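>>> Curious how this folds, go ahead:
(chains A, B, C and D)
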There are 2 protein chains.
Amino acid sequence: MRQNPTLKKIAEKLNVSISTVSRALKDHPDISSETKKKINELAELIEYDPNPYAINLRTHSSKEFAVVVPSLSNFFYHSFISAIEEDARDYGYSVIIYRSSNDPKIEQQILKSCRHKRVSGIFIAITSETTDIAPFLKLDIHGIPVIFFDKVPQYESCNKICVGDEHAASIAAEEILKKGFRNVLGIFGDKNMSITQARLQKFMEVMRNGNPEIDLKTVHARSSEEAEQLTLSLIPDYLEKKFAIFCMSDEILAGTMKAIQRKRLKPPHDLGLIGISDGMIPSLFYPEITYAETSGYNLGKLAYSRMMRCISGSSFAQTIIDQSKLVMGGSI
Amino acid sequence: MRQNPTLKKIAEKLNVSISTVSRALKDHPDISSETKKKINELAELIEYDPNPYAINLRTHSSKEFAVVVPSLSNFFYHSFISAIEEDARDYGYSVIIYRSSNDPKIEQQILKSCRHKRVSGIFIAITSETTDIAPFLKLDIHGIPVIFFDKVPQYESCNKICVGDEHAASIAAEEILKKGFRNVLGIFGDKNMSITQARLQKFMEVMRNGNPEIDLKTVHARSSEEAEQLTLSLIPDYLEKKFAIFCMSDEILAGTMKAIQRKRLKPPHDLGLIGISDGMIPSLFYPEITYAETSGYNLGKLAYSRMMRCISGSSFAQTIIDQSKLVMGGSI
DNA sequence: CTGAAAGCGCTTACAG
DNA sequence: CTGAAAGCGCTTACAG
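Next up is the predicted model:
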């Protein structure tokens, strides 16, 4: 069980003071280049690396960002994290990933631990049951910026980076209108989720305005299985009028596709199908499913630059919406 | 920017020494229950929580585990991490997740940072290009146990927890034999991967021993797209003899399923299909695909108990293989 | 240009 | 039962 090298060890070996070593290693202008040289060489040789705990205790800063997500097996969050990591690396920050398992209790613990560890900032997609924003306010009091992304609280004055729910819903709706469908089934998620409300409302609005004649039905499913059941029971037996299904999310799309396969129907011939997705699930089928793209990567880039602005001080709360774009598959 | 409460603050308010507060808070037998009571009450009130950096600096221990994986958008790793987190919580450890992006350079950085942070232990699935095991040995010298899982190094004397590649391949092969297929296509991953070699070899062995008459063909695909192309070109035009496809991994299964959909074939009627998977992809199709299960959750439980053994000192190196089981879908 | 000293927030051996 | 003191490994204002 070997000890890590310390400033003291270097100082002793070189017969200088700890202060000098510390300064030399951070290229302080006071130190002669000769001294710097020998110190850096030895440090290199014995693989000195500063103890992050000591630094933090002293300076109250960690150069660490935390990303908190409800779930990890999620392509969207994965690309979000990639984007954050790319940028963070460039700025000398490291990033730690926490998973709340969509449990507000665990989320609270994570936030607490972030506070005690004095992370430099937090990116968080909250759980679907998070109602208490006090812990976030507390973080703020302690000078830790919080950037909400994807799943964000209702609370106004905070930094939020969101998928363009309305925009995504509207471009999907427009595609349905453009293709001239007359009979449309919209399957949405849990009624209580803010993204459900946003997507549903906009989708309806665009459909109604586009063509009031359309036979439009909307339902809510809280799971993949429920979406499958709903699809099974709501696909008309005779698909005479041009029929299309819109799926608000990947989870719903997965259920709906199972029902479609079960009925041995083939998009786009038998019916039209379109979703909102990050692109992973749609690419598993043939023909690939057309979707309005929600890009975790874009969101990550936006979130990071917001974070840097907060850290540099100019931290008025702001909500940023990332616009969506249509990715053409062959399902509609 | 408020300060977190400290021992000192409590001590001052209560007119006792810092030492007494520290001891009271950890229920040291020396302290009178009266003193303990008032200290705990105040601590509770002002939400005292010890500074983890100070503790670590003092005690050289972090009560933190690191999990390092190549990728996050992966159901298998997700369940592995769930299992670790469940157990860790019970023992008062927290777990930090790192992603190497399958890049040995990044992996090295992560390991270094784990060493400096003196994490209590590391669970790691190495990148496909990790060859240098020196960093892991160094961790060991510093008394940080490393448990390799899923993707493990060739190196003998270390702790490895692996999926039962041979076992999974053999139960899939046996299922094919049992159903009496005469014409079998096995699609495997990159030839250089150890799991490919293990799965291929065992699959062939079981098939040959089971029925030497079978028309068996094996191919390698390095991506989903390649698997799709291979499947398209290798499915016989006339499926007269009973034909089955075995897919070594989810990635390959995804490509193969696209080809099957493209050809408008329906398992199990037109052909048999079986894979090795964690279960996420197989459940997206109807009928669901039959697979030999590799469970991240099981692996996590096994890995954790190995870790605890290492921490408690009895740390001879050991390789543990998790056995697989057949999950029946309707594709074969 | 270099060093001695204080202090970040804790723990613990030692003394009483 | 309680406290004073040392020390974990760093940084930085102050002094020279």
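>>> burial measure for A:Leu216, as a count.
20 (other C-beta atoms under 10 Å in any protein chain shown). Where C-beta positions appear, they are placed from N, C-alpha and C, glycine not excepted.
>>> Just give the closest residue to it, not the sequence neighbours.
A:Val184 (4.9 Å; C-beta to C-beta, 6 or more residues apart in numbering or on different chains).
>>> A:Ala244 is in contact with the one you found, correct?
Yes: with contacts counted by C-beta atoms under 8 Å, A:Val184 reaches A:Ala244, the gap being 5.1 Å.
>>> anything in contact with each of these two?
A:Ile176 (C-beta atoms under 8 Å, 6 or more residues apart in numbering or on different chains).
>>> Would you confirm that the residue nearest to A:Leu216 belongs to a strand?
Yes: with DSSP: H, G, I helix; E, B strand; the rest coil as the criterion, A:Val184 is located in a strand.
>>> if I look at it, how far off is A:Ala227?
16 Å (C-beta to C-beta, to the nearest Å).
>>> neighbour-wise, which of those two wins?
The neighbour comparison of A:Val184 against A:Ala227 (other C-beta under 10 Å) goes to A:Ala227, with 29 against 24.
>>> Do I have it right that the more buried one meets A:Asp250?
No: with contact defined as C-beta under 8 Å, A:Ala227 does not reach A:Asp250; the gap is 10.5 Å.
>>> And for stretch A:264-273, what's in contact with it?
Outside stretch A:264-273, the residues that reach it (C-beta under 8 Å, 6+ apart) are A:176, A:179, A:181, A:235, A:239, A:242-245, A:247, A:256-257, A:260, A:287, A:289-290, A:330-332, B:264, B:266.
>>> The residue nearest to A:Leu216: what's it in contact with?
A:176, A:207, A:214-217, A:243-246.
>>> Out of the residues you listed, the closest to DNA strand D would be?
Proximity of these to DNA strand D (C-beta to the nearest atom of the strand) peaks at A:Phe246, which lies at 55.3 Å.
>>> which residue sits closest to the closest one, ignoring its sequence neighbours?
Nearest non-adjacent residue to A:Phe246 (C-beta to C-beta, 6+ apart): A:Gly186, at 4.6 Å.
>>> Kindly state the beta-bridge partners for the one you found.
According to DSSP bridges, the partner residues bridging A:Gly186 are A:Thr218, A:Phe246.
>>> give the contact list for it.
A:200, A:203-204, A:207, A:216-219, A:245-246, A:248.
>>> Backbone dihedrals for the residue nearest to A:Asp165 when sequence neighbours are not counted, both of them.
The shortest distance from A:Asp165 to any non-neighbouring residue, by C-beta to C-beta, 6+ apart, is to A:Ala198 (3.8 Å). Phi and psi for A:Ala198, reported as degrees, to the nearest 10, are phi -60, psi -50.
>>> Quick one: neighbours of A:Ala198, just the number.
18.
>>> Looking at it now. What's its pLDDT?
Looking at A:Ala198, its pLDDT is 92.
>>> before we move on, the earlier item: which among the contacts of stretch A:264-273 count as buried?
A:176, A:181, A:235, A:243-245, A:247, A:256-257, A:260, A:287, A:289-290, A:331-332 (16 or more other C-beta atoms under 10 Å in any protein chain shown).
>>> Among the residues you listed, name the ones in strands.
Counting by DSSP state E, the buried ones among the contacts of stretch A:264-273 place A:243-245, A:247, A:290 in strands.
>>> how close does A:Met307 sit to A:Arg89?
14 Å.
>>> backbone phi and psi for A:Phe149, please?
phi -140, psi 150.
>>> gap between it and DNA strand D?
Applying C-beta to the nearest atom of the strand, to the nearest Å, the value for A:Phe149 to DNA strand D is 31 Å.
>>> before we move on, what SS does the residue nearest to that residue when sequence neighbours are not counted have?
Setting aside the residues directly before and after it, A:Phe149 is nearest to A:Ile161 in space (C-beta to C-beta, 6+ apart), at 4.5 Å. Of the three states, A:Ile161 takes strand under three-state DSSP.
>>> Please apply the same query to A:Gly275.
strand.
>>> give me the number of residues near it?
30.
>>> Might one say that it is in contact with A:Thr294?
No: A:Gly275 is beyond contact range of A:Thr294, at 10.2 Å (criterion: C-beta under 8 Å).
>>> just to revisit the earlier point, now that we're looking at the residue nearest to A:Asp165, how far away is chain B from it?
25 Å (C-beta to the nearest C-beta, to the nearest Å).
>>> Over to A:Ser249?
Taking C-beta to the nearest C-beta, one finds A:Ser249 at 14 Å from chain B.
>>> With A:Gln318 instead?
21 Å.
>>> Not counting its neighbours along the chain, what's nearest that residue?
Counting by C-beta to C-beta, 6+ apart, the residue nearest A:Gln318 is A:Asn159, at 5.8 Å.
>>> can you pull up the bridge partners for that neighbour?
A:Ile147.
>>> what's the burial count for it?
So A:Asn159, with other C-beta under 10 Å, has 22 neighbours.
>>> From chain B, how far out is it?
Taking C-beta to the nearest C-beta, one finds A:Asn159 at 18 Å from chain B.
>>> Likewise for A:Leu137?
11 Å.
>>> Kindly report the same for A:Asn4.
7 Å.
>>> remind me which residues of chain A are low pLDDT?
For chain A, the stretches with pLDDT under 70 are A:1-2, A:315.
>>> interface residues of the stretch 1-150 of chain A facing chain B?
Contact residues, the stretch 1-150 of chain A versus chain B (C-beta under 8 Å from any C-beta of the partner chain): A:1-2, A:4, A:49-54, A:56-57, A:71-75, A:77-78, A:81-82, A:85, A:94, A:96-99, A:101, A:112-113, A:115-118, A:141-143.
>>> Where strands are concerned, which of these count?
A:94, A:96-99.
>>> ok, and the closest non-adjacent residue to A:Asp103?
A:Thr127 (6.3 Å).
>>> Name the SS class of that neighbour, please.
Once three-state DSSP is applied, A:Thr127 turns out coil.
>>> ditto for the one 5 residues further on
Following three-state DSSP, A:Asp132 is assigned to coil.
>>> Going along the chain, name the helices of the stretch 101-250 of chain A.
Ranges of helices within the stretch 101-250 of chain A are A:104-116, A:134-141, A:165-178, A:194-210, A:224-234, A:250-262, based on DSSP state H, counting those that start in this stretch.
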